[in-house]
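Enquirer: Structure, please.
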Amino acid sequence: MNEGGSRIRRRVAVRKRNRPSLESIFASPTAADLQPGDEEDDEEEMMAGSRRKKTAEVQPVENNDSEEDMFGDYDSFAENSFLAHVDDLEQYMQLPEHRKHASDLATDDLCSESDKHNKLSVTTIDNFTELKMDEHTTNESRQEDVCIEPEPDLLYDIPSSQVLYFENLHNSSNDLGDQSTKERDCNSSSHKTVNEELPQNSIEQHQQTDDSSSKVRTSSEENRRKSLKEHLKSAMTGNAKAQTPIFSKTKQLKETLLSEEINVAKKTIESSSDDLGPFYSLPSKVRDLYVQFKGIGKLYEWQHTCLTLNSVQERKNLIYSLPTSGGKTLVAEILMLQELLCRRRDVLMILPYVAIVQEKISGLSSFGIELGFFVEEYAGSKGKFPPIKRREKKSLYIATIEKGHSLVNSLIETGRIGSLGLVVVDELHMIGEGSRGAILEMTLAKVLYTSKTTQIIGMSATLNNVEDLQEFLQAEYYTSQFRPVELKEYLKINDAIYEVDSKAENGMTFSRLLNYKYSDTLKKMDPDHLVALVTEVIPSYSCLVFCPTKKNCENVAEMICKFLSKEYLKHREEEKHEVIKNLKNVSSGNLCPVLKRTIPFGVAYHHSGLTSDERKLLEEAYSTGVLCLFTCTSTLAAGVNLPARRVILRAPYVAKEFLKRNQYKQMIGRAGRAGIDSFGESILILQEKDKQQVLELISRPLENCYSHLVQEFTKGIQTLFLSLIGLKIATNLDDIYHFMNGTFFGVQQKILLKEKSLWEITVESLRYLTEKGLLQKDTTDKSEEEFQHSFHITKLGRASFKGTIDLAYCDVLYRDLKKGLEGLVLESLLHLIYLTTPYDMASQCDPDWMIYFRQFSQLSPAEQNVAALLGVSENFIGKKASGQAIKKKVDKDTVNRLYLSFVLYALLKETNIWSVSEKFNMPRGYIQSLLTGAATFSSCVLHFCEGRAKQLYNAGYKSLTHLANANPEVLIRTIDHLSRRQAKQIVSSAKVSKQTIFLTFMIFCSVIALYFGHKNKNI
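Expert: All right, here's what the predicted structure looks like:
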């Protein structure tokens, strides 16, 4: 028993089933459920039950295991309690024919009657108890029995997101527990609770029975009965001392009402009636929760219109588009709750970034707890494949684009895609953005092809060619220009500010001149007049300044603070000091010098160079108004919801690329906070040279979305074909071509394909995968027609598919692993770390050669041996550091990958991330991304390699000893595609070291994935 609250362990009482690993712990009713005088009535009824039992015919039953759940399905101390049955049974035991199996008989009797009673599902996590009541109360019964669902572990079935929610309520639940304890102590003087009085009476009654029957029993029988007595007494005494949840009648009535409303809502949805129930076919409790948690008391008119569309009522696929801040997400949430609560099916919500997933998890976990569904996070290193299959509660999966694709694959592979009732995609326009767009397209195409009952909802603020998306998703379309807060767009050229006006001849009209006294020094430092623009709104209102680069964000933040008056330091001074303190706490006492100078003025920068913990703290401070100004990159526009009164675009560029219309709309969409501001402003600063381009930017329509399925060759169409065949969605050319016609690319093939047809591209892609050894034509297929030829996935193909390895690197990975495992250096972990360093990050790496040379010169002999095996010499690094010409060709990706391995190696030695950041002159946010990438890639490599390990295990080689004693010739015949040389190597490695290199590497991959994932959480 935990001190902070009752911890009720789940158990299941099933007749004739042994449960040796489970304990039986009583859960008793409270004083509130028992009326004065019930004790006497119960005692009389128990005696009556005893008399009735004496005349009943007793059938022999099977022996009961000593550790079986002997309390059956009963936990009540009232009428028909287990103690009453024991009392009866002990009297039967006076007769020889009834002595042997008495405890089994009692259990069977209890189990047979358990269906007559109410059921109370109790799930306790630490000090917080969730109660779910399903009442079928009769007039004759006042007490409830407890029937607990069988579970292997209390915490196993609870997603981490909701466990965190319980932890956040830790203090409040402790307070509640203290209050309930005091109440019971106060009431004990007037009349005792059931926990205290009734069990004691029952024990005394049994003791009297023992005395009366002791003359006719043997001493061994007495000892056995006393042992049972002591066990029962000990269990009930412990239970009496434990704090138990208080089941108020009010709460029971509310839970019953909610259950009834859900049933009504379910019938309403299934019927063709126009009556939408209490809250859009949902219980009125949902409406109350939106008021309580989000302060939303009434929907906008467009939201009501959208939710009452015939297409929505008929569960047709839907695309809807509105400006940023229009309230799109609320409509999606209501539709998700309808699916979870009324149709009782799982829901997948796909979001573009990890930060948005975490924000949504935080916002919906409380709804899941109140309404009885799970909220599960699939982002970063989190997520289980396939997801846990649940019998009662349904799950809301909130995933990034990549994790959403893996989740859909796992559901298809296990035949559970039909359990997915709804897929919601936020920022649907991202389907046209590079490799991530290709992955999103694959996900939706697979859902459309494999499940005709799964509804798809897509939403975005920046859609143009909606007709193509409608055809692809077979969806209806709804749009509105509603915006809760008016947005005014401005352009700034020199000192003049112009308002964007589509009716004007050149698209803008003069508004005003900046009225701010600039010194000569300030003019040099701030030629764009940023100080003047931000001081018009801060600190009373919030402001965002979008900058082209990360370095520019930091420079602008410092520059603004240099010219702000000292009065800004006094605004919420103590809270700003608290922010600095918290930043130090999450960074092991370290603090960025730029933030140390800017936060006292209420200013901070925000970009990917920050760690996730730093970003979270700064975002919270900005949301609460402690910080009033962010200098940020364009990623914030598509990230978490951080609106502002004024949004300033430092320049019409993102890095060196000119701003796109979609990006511009995303950025200015942050201006204006619903419920706080009456209007929002956006100001784009431009130079005369960019004036014409900017005027075109503000007047032209949004960019079209185009499929990247073929353009992203290895991450697109090749990966798609490999998974189609691996999952057996489509295995011959004709079926694959048919599938491709249903994709977004298939819809746009006339626009995107100029030289080749879709059929030709399909044939070429399959041929390429076959030549690469990832696919193989089925030799048993005797069809003469090419389009009927079937394909099957090879071992390498399945490894690449299972490991979600980019096909551009799968053969390189296989070659590296094969070469590495032949000469793996185990004296140091550097070689193993190198093999689990992600390829994609290596290709983007630009090493600092002086730092590289310094780190290389500090390597031990074993570590230098690793570099030599990889073909990277100290002489090469030295020449690069000194700028000398190099004649010998060295693979650039290998050199870069080794450099990143040095970074990970330093982190593996428990070095602080700040010191590693300083040592390698890398942003700490980048190092954290490297950690995440390494953890993910290690997991991918593990799945890539596990095929051979599974083959060995399934063939009976389940230990190193088995391998050491194996005959290589038998291995060759047993294991597919195993050469004689490989077989001998496996056996000899096991004999020599009792540790196969391969298995060592597999274990290391598992450990490194867990370690880097855990270390990433603690940074």
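Enquirer: For the longest helix anywhere in the chain, give the mean pLDDT please.
Expert: Secondary structure of the chain read by DSSP state H shows that its longest helix is helix 924-954. Rounded to a whole number, the mean pLDDT of helix 924-954 is 79.
Enquirer: Next, the buried residues of that helix.
Expert: 924-949, 951-952 (16 or more other Cβ atoms under 10 Å). Just so you know, the C-beta spots here come from the backbone N, C-alpha and C atoms, and that holds for glycine as well.
Enquirer: CA atoms only for the helix or strand following it - export them in PDB, please.
Expert: With elements assigned by DSSP states H and E, the helix or strand that comes after helix 924-954 is helix 960-964. The C-alpha coordinates for helix 960-964 follow below in PDB (Å, rounded to 0.1, in the frame of the first residue of the first chain):
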ATOM      1  CA  LEU A 960      26.200 -18.700 -27.400                       C
ATOM      2  CA  THR A 961      27.000 -22.300 -26.300                       C
ATOM      3  CA  HIS A 962      24.600 -23.700 -28.900                       C
ATOM      4  CA  LEU A 963      26.400 -21.600 -31.600                       C
ATOM      5  CA  ALA A 964      29.900 -22.600 -30.300                       C
END
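Enquirer: so what secondary structure elements neighbour helix 960-964?
Expert: helix 980-993 (3 or more Cβ pairs under 8 Å, 6 or more residues apart in numbering; DSSP states H and E).
Enquirer: Not counting whatever helix or strand Ala557 lives in itself, show me its contacts.
Expert: If you go by DSSP H and E, Ala557 is part of helix 550-562. Helix 550-562 has contacts (Cβ atoms under 8 Å, 6 or more residues apart in numbering) with 525-526, 530-531, 534, 545, 547, 594, 597-598, 601, 603-609, 629, 631-633, 650, 923.
Enquirer: Now go through those residues and say which are in helices.
Expert: Mapping the contacts of helix 550-562 onto helices (DSSP H) picks out 525, 530-531, 534, 594, 597-598.
Enquirer: Buried ones among those residues?
Expert: Buried members of those, scored by 16+ other Cβ under 10 Å, are 530-531, 534, 594, 598.
Enquirer: between those, which is nearest Lys802?
Expert: Closest to Lys802 out of those is Val594 (43.9 Å), distances taken as Cβ to Cβ.
Enquirer: What about the closest residue to the closest one other than its chain neighbours, how many residues nearby?
Expert: Closest residue to Val594 apart from its sequence neighbours, by Cβ to Cβ, 6 or more residues apart in numbering: Glu554 at 5.1 Å. Using other Cβ atoms under 10 Å, Glu554 is surrounded by 21 other residues.
Enquirer: Kindly report the same for the one 4 residues further on.
Expert: Glu558 has 16 neighbouring residues, counting by other Cβ under 10 Å.
Enquirer: Please apply the same query to Phe630.
Expert: Using other Cβ under 10 Å, Phe630 is surrounded by 24 other residues.
Enquirer: picking that back up, and the longest helix of the chain with helix 550-562, angle?
Expert: Taking axes from the mean of the first three to the mean of the last three Cα atoms, to 10 degrees, one finds helix 924-954 and helix 550-562 inclined to each other by 140 degrees.
Enquirer: So which elements touch whatever helix or strand Ser410 lives in?
Expert: For Ser410, the host element (DSSP H and E) is helix 401-413. With contacts taken as 3+ Cβ pairs under 8 Å, 6+ apart, helix 401-413 sits against strand 346-350, strand 374-378, strand 395-399, helix 434-450.
Enquirer: need those in CSV with mean neighbour count, can you?
Expert: Shown next, in CSV, are these (neighbours: other Cβ atoms under 10 Å):
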stretch, mean neighbour count
strand 346-350, 26
strand 374-378, 24
strand 395-399, 25
helix 434-450, 22
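Enquirer: do you know which of those lies nearest Leu727?
Expert: Taking Cβ to Cβ, helix 434-450 is the member of these nearest to Leu727, at 8.1 Å.
Enquirer: Quick check: which helices or strands does the helix or strand that that closest one is followed by pack against?
Expert: Once the chain leaves helix 434-450, the next helix or strand it forms, by DSSP H and E, is strand 455-460. Applying 3+ Cβ pairs under 8 Å, 6+ apart, one finds that strand 455-460 contacts strand 317-321, helix 328-337, strand 420-426, helix 434-450, helix 466-473.
Enquirer: can you do 6 Å?
Expert: On a contact count with 3 or more Cβ pairs under 6 Å, 6 or more residues apart in numbering; DSSP states H and E, strand 455-460 meets strand 317-321, strand 420-426.
Enquirer: want to try TSV for the buried ones among the ones in helices among the contacts of helix 550-562, with distance to Gln455 and pLDDT as columns?
Expert: Listed next are these as TSV, based on distance: Cβ to Cβ, whole Å; pLDDT from 0 to 100:
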residue	distance to Gln455	pLDDT
Leu530	47	94
Val531	51	93
Val534	45	95
Val594	47	95
Thr598	47	96
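Enquirer: Any chance of a markdown table for these, columns distance to Leu963?
Expert: Shown next, in a markdown table, are these (distance: Cβ to Cβ, whole Å):
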| residue | distance to Leu963 |
| --- | --- |
| Leu530 | 68 |
| Val531 | 71 |
| Val534 | 68 |
| Val594 | 56 |
| Thr598 | 60 |
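Enquirer: What is the nearest of those to Lys403?
Expert: Set against Lys403, the nearest of those by Cβ to Cβ is Val594 (33.2 Å).
Enquirer: Kindly format the C-alpha coordinates of stretch 531-548 as CSV.
Expert: Extracted in CSV, the C-alpha atoms of stretch 531-548 (Å, rounded to 0.1, in the frame of the first residue of the first chain):
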residue,chain,number,x,y,z
VAL,A,531,13.7,49.4,-32.0
ALA,A,532,11.1,51.9,-33.0
LEU,A,533,8.7,49.2,-34.2
VAL,A,534,8.9,46.9,-31.2
THR,A,535,8.7,49.7,-28.6
GLU,A,536,5.3,50.7,-29.9
VAL,A,537,3.9,47.4,-28.6
ILE,A,538,6.1,45.9,-25.9
PRO,A,539,5.9,45.3,-22.9
SER,A,540,2.1,45.8,-22.8
TYR,A,541,1.6,43.6,-25.9
SER,A,542,3.7,40.8,-27.4
CYS,A,543,5.7,40.9,-30.6
LEU,A,544,7.5,38.4,-32.9
VAL,A,545,10.4,39.4,-35.1
PHE,A,546,11.1,36.8,-37.9
CYS,A,547,14.8,36.8,-39.0
PRO,A,548,16.4,35.1,-42.0
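Enquirer: tell me which residues of that stretch are tucked away?
Expert: For stretch 531-548, burial by neighbour count (16+ other Cβ under 10 Å) applies to 531-539, 541-548.
Enquirer: follow-up on the earlier one: what is the nearest of the ones in helices among the contacts of helix 550-562 to Ala881?
Expert: Of all those, Ala881 sits closest to Val594, with 28.8 Å by Cβ to Cβ.
Enquirer: can you map out the strands along the stretch 701-850 of the chain?
Expert: 775-777, 791-793 (DSSP state E, counting those that start in this stretch).
Enquirer: looking at those, which is buried most?
Expert: Most buried of the strands of the stretch 701-850 of the chain, by mean neighbour count (mean count of other Cβ atoms under 10 Å): strand 791-793, with a mean of 22.
Enquirer: Check which helices and strands that strand is in contact with.
Expert: Counting by 3+ Cβ pairs under 6 Å, 6+ apart, strand 791-793 packs on helix 717-726, strand 775-777.
Enquirer: For the nearest residue to Asp495 once chain neighbours are set aside, report the pLDDT, please.
Expert: Closest residue in space to Asp495, ignoring its immediate chain neighbours: Leu514 at 5.0 Å, by Cβ to Cβ, 6+ apart. Confidence at Leu514, expressed as pLDDT, is 88.
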